[in-house]
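Enquirer: 3D model of this:
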Amino acid sequence: MIRIVNSEDEMKAFGEKLGRLLRGGQTIELVGDVGAGKTTLTKGTAKGLGVSEDIQSPSFTISRVYEARDGLQLVHYDFYRLDDAGIMSSDIAETIHDGSTVTIIEWAGVVQGVLPDNRLTINITAPSEMTRQLQLTGPEALLMKLENE
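Expert: Residues are numbered from 1 along each chain as shown. Okay, here's the model as predicted:
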């Protein structure tokens, strides 16, 4: 599935739509260059999950945890600064198998070996300064819901 967004607000709105569909136990891998909109998309997803806190990029802290609706939590990882996941591989493996957690991972290359096959991968490219192309691959049921929403 390919989606075009033309502004930061549209990116957040798409993320919010995604967040409303999530029920826990999902892993989302965000792929894109610096400034592509990965954290902006995460902010929208968090809003759709009912997170009331301000979402910040975990580039320097590696991960952040937020309380969400219906007893869920959002765990947001950013491995941009890691060459080797080390102990984080164990942390990720545990988190992605928690049915009450939605896991979003930026720069997931160092943990590819522990990511579930049924993850949603969103590859973000920038055809222009403001426009972003989102290529989504993953669970068909979720993609169909996003398409029809």
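Enquirer: which one's the longest helix in this protein?
Expert: In the chain, assigned by DSSP state H, the helix with the most residues is helix 8-21.
Enquirer: ok, and what's touching it?
Expert: With contact meaning CB atoms under 8 Å, 6 or more residues apart in numbering, helix 8-21 is reached by 3, 5, 28, 37, 40-50, 102, 132, 134, 142, 145-146, 149. The way it works is simple: take the backbone N, C-alpha and C, and place the C-beta from them, glycine included.
Enquirer: ok, now with 7 Å
Expert: 3, 5, 37, 40-49, 132, 142, 145-146, 149 (CB atoms under 7 Å, 6 or more residues apart in numbering).
Enquirer: put the buried members of those into a ChimeraX selection.
Expert: Here is the ChimeraX command that picks out the buried ones among the contacts of helix 8-21, judged by 16 or more other CB atoms under 10 Å:
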select :5,37,40,41,42,43,44,45,46,47,48,49,132,142,146
